[in-house]
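>>> pasting the sequence and the predicted model now:
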Amino acid sequence: MPFLPTSPSDLHDRGWDELDVILVTGDAYVDHPSFGAAVIGRVLEQAGFRIGIIAQPDWRARDDFARLGRPRLFFGITAGNLDSMVANYTANKRPRKKDGYAPGGKPGLRPDRAIIVYSNRLRETFGNVPIVLGGIEASLRRFAHYDFWDNALRRSILIDSRADILVFGMGEQQVLEVASRLKNRKALDAIPGTALVAHDAEALNEPVVLPSWEEVKGDKEAFNRAFRLMNEEQDPYRGRVLIQKHDTRYVVQFPPAMSLKPRELDQVFALPYERAWHPSYDAAGGVPGFETVRFSIISHRGCCGECAFCGLGLHQGRIIQSRSRESVLREAKLISERPEFRGTITDVGGPTANLYGARCTRWSKEGACKTMQCLMPGKCRNLDLGYGESIKLYHDMLALPRVKHVFIESGLRYDLLLGDEAAGYLEQLCACHVSGQLKVAPEHTAVPVLHVMNKPGLAVYEAFEKRFRETNRRLKKDQYLVNYFISGHPGCTLADTLEMSLYLLQRRIHPEQIQDFVPLPLTLSGTMFYTGRHPLTGKEVYVPSTPNERKMQRALIQWRNPKNLSLIREALHTIGKEHLFARFQKAQRG
Ligand code: SF4
């Protein structure tokens with residue numbers, strides 16, 4: 001199917017003089033199911049609406065926003081696949097040199113706080129045209145939230161953008177309902193998976209009242225309470241309406257949308273994507289972010305892991321939604337028939353690769369538990385990991401005529417690769433689906449830090465490491481683990497980092513994959529970073545917040561880099577461990 005229209009000449013070619021919906025996105029236009037604007041555009045198109053896309057408009061003027069005219073129903077705005085502040089800045093708040101979702105990787109094509117900027121330009125250009133927000137930036141900023149880049153709380157993005165409605169979560173059902181209501185001139189209230197601004201809250205049936213913007217702004221305990229209440233209601237079955245007063249108005253969040261059923265999810269992935277970047281980017285060399293997904297397949301959505309630092313659970317939900325095997329196989333076949341395919345499907349996964357097919361009997365009846373977690377402190381006995389399904393899926397993909405390799409590149413939960421239930425899966429994984437290196441994320445080694453992150457303890461990681469080694473030995477495979485760590489997370493002191501550093505040093509592990517912690521809006525870790533207390537337990541949490549301490553923590557973990565020696569010396573001096581400096585010097589020489 002042709003790309004969705006992006007210019008007046010595209011409209012002319014189709015004989016259209018008006019569009020129903022225009023999507024404005026901070027990413028380049030790539031027509032692929034990994035790109036939110038493409039998915040929403042194709043879903044609306046399938047339902048019979050006329051859709052256009054304005055990708056990465058020049059926000060300094062109105063021309064790009066006016067390019068396709070005024071839509072009959074609404075403008076939909078997304079910052080893109082990432083929050084615009086994450087896309088534009090490093091963890092040290094420096095401008096990024098590249099933007100993987102822009103043509104040629106060129107930075108500077110999306111504004112900071114893209115949703116607010118785009119929304120304001122559209123209001124200036126078209127007055128009271130309906131504006132619908134979506135994507136991760138909107139989702140994670142739907143209530144008053146901590147913003148790392150301002151180092152301050154900000155109001156709900158609904159207030160600052162002056163939009164009519166915000167869609168949170170993956171959005172297909174919500175956006176169809178919004179389009180249908182606007183077409184039929186009906187009110188936009190009470191759509192599951194949306195939030196809006198109301199002038200009064202009297203018509204709402206017993207909503208949960210969050211501390212107001214005015215309260216949270218001046219009181220960290222109130223902000224923690226708002227997080228706790230908000231977090232408890234993010235379930236499509238048992239979630240209640242939430243309200244948060246901002247001055248004289250109310251931000252109203254309706255319960256999350258129901259999970260898509262496998263058949264519905266299959267339909268989303270069967271839409272006629274071009275699976276390419278828009279040809280207008282050819283001259284710039286294309287869109288680098290597309291290369292990483294060109295031959296990969298999303299098999300499921302959602303994550304029940306509840307890692308404290310991650311925003312995906314809040315966005316995609318805790319309930320795993322898996323595509324049918326037939327649907328994934330159809331996509332694999334489609335990819336394999338493309339002329340540029342060289343025989344390797346680079347990834348089959350989702351937020352956590354080994355949760356494909358996972359299910360709990362409660363999920364489809366009463367939602368995920370409010371008081372229990374699915375994976376912590378250990379896997380819930382009601383959670384069926386569905387590994388048989390995964391094994392069969394991978395096996396059938398490998399049997400496709402042009403497919404030589406199927407790799408799993410998405411992160412895996414290593415704690416779910418222990419026990420009898422996982423033996424066959426790990427064997428198959430190591431035998432056929434690891435391209436020499438398997439990515440896992442222990443994140444840290446100090447147990448108190450892992451506890452704050454809501455990750456399993458070090459002993460679990462070591463048990464997995466041993467099993468991975470043994471499995472590969474048995475299979476006569478030379479394969480390694482690539483470990484991901486986070487530095488500077490709440491709860492992590494310099495002493496904790498030194499403990500990790502010595503652990504790594506002793507094993508001669510010098511990790512390159514270190515992520516400086518970035519507190520994302522509305523996440524548990526982001527909330528702790530701001531308040532210095534755990535919002536669910538009320539306990540005080542140490543927060544390494546100064547740039548210098550963050551640098552020292554990173555230097556200790558990257559102990560092998562000679563450039564880090566002076567920071568290592570400073571860190572050791574700070575905690576009275578200077579006597580260990582010689583050990584670092586010696587290790588670097590060794
Ligand atoms: S019963 Fe267990 S697996 Fe199911 S939702 Fe509750 S904690 Fe998760």
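Done, it's in. Numbering: from 1, shown residues only.

>>> dump the strand or helix carrying V178 to CSV, keeping only the CA atoms.
Secondary structure assigned from DSSP states H and E places V178 in helix 172-183. Output in CSV follows, covering the C-alpha atoms of helix 172-183 (Å, rounded to 0.1, in the frame of the first residue of the first chain):
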residue,chain,number,x,y,z
GLU,A,172,-5.3,1.8,18.6
GLN,A,173,-8.7,1.3,20.3
GLN,A,174,-8.8,4.7,21.8
VAL,A,175,-7.9,6.6,18.6
LEU,A,176,-10.6,4.7,16.7
GLU,A,177,-13.2,5.6,19.3
VAL,A,178,-12.0,9.3,19.4
ALA,A,179,-12.3,9.5,15.6
SER,A,180,-15.7,7.9,15.6
ARG,A,181,-17.0,10.2,18.3
LEU,A,182,-15.7,13.3,16.6
LYS,A,183,-17.2,12.1,13.3
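
>>> so for that helix, what gets flagged as buried?
E172, Q173, Q174, V175, L176, E177, V178, A179, R181, L182 (16 or more other Cβ atoms under 10 Å). No exception for glycine: its C-beta is placed from N, CA and C like everyone else's.

>>> check contacts around the fifth one.
It refers to L176. Neighbouring residues of L176 by Cβ atoms under 8 Å, 6 or more residues apart in numbering: V43, L44, A47.

>>> of those residues, which is the most crowded?
When neighbours are counted by other Cβ atoms under 10 Å, L44 leads the contacts of L176 with 23 neighbours.

>>> tell me if I am right that it is in a helix.
Yes - secondary structure assignment places L44 in a helix (DSSP: H, G, I helix; E, B strand; the rest coil).

>>> confidence score at the closest residue to it other than its chain neighbours?
Nearest non-adjacent residue to L44, counting by Cβ to Cβ, 6 or more residues apart in numbering: I51, 5.1 Å away. pLDDT recorded at I51 is 98.

>>> again, but for E124
96.

>>> how close does it get to the ligand?
To the ligand, E124 is 46 Å away according to Cβ to the nearest ligand atom, to the nearest Å.

>>> ok, for that residue, nearest residue in space, not its chain neighbours?
Excluding the flanking residues, the one nearest E124 by Cβ to Cβ, 6+ apart is R62, at 6.4 Å.

>>> flag every buried residue along the strand or helix carrying I116.
Using DSSP H and E, I116 sits in helix 114-126. Using 16+ other Cβ under 10 Å as the test for burial, helix 114-126 gives A114, I115, I116, V117, Y118, S119, N120, R121, L122, R123, T125, F126.

>>> packing partners of that helix?
The contact analysis (3 or more Cβ pairs under 8 Å, 6 or more residues apart in numbering; DSSP states H and E) places helix 114-126 against helix 63-66, strand 74-78, strand 131-134, helix 136-139, helix 157-161.

>>> still on that earlier bit, closest one of the buried residues of helix 114-126 to the ligand?
Nearest to the ligand among the buried residues of helix 114-126: I115, at 32.1 Å, using Cβ to the nearest ligand atom.

>>> all the strands of the stretch 401-550 of the chain, in order from the start?
405-406, 437-443, 480-487, 514-516 (DSSP state E, counting those that start in this stretch).

>>> can I get stretch 128-137 in CSV? Just the C-alpha atoms.
What follows is stretch 128-137, C-alpha atoms only, in CSV (Å, rounded to 0.1, in the frame of the first residue of the first chain):
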residue,chain,number,x,y,z
ASN,A,128,-9.7,25.5,18.2
VAL,A,129,-9.1,22.4,16.0
PRO,A,130,-9.4,19.2,18.1
ILE,A,131,-6.0,18.0,19.2
VAL,A,132,-5.3,14.4,20.4
LEU,A,133,-2.0,13.5,22.2
GLY,A,134,-0.5,10.1,22.1
GLY,A,135,2.8,8.2,22.4
ILE,A,136,5.2,7.7,25.3
GLU,A,137,5.8,11.4,26.0
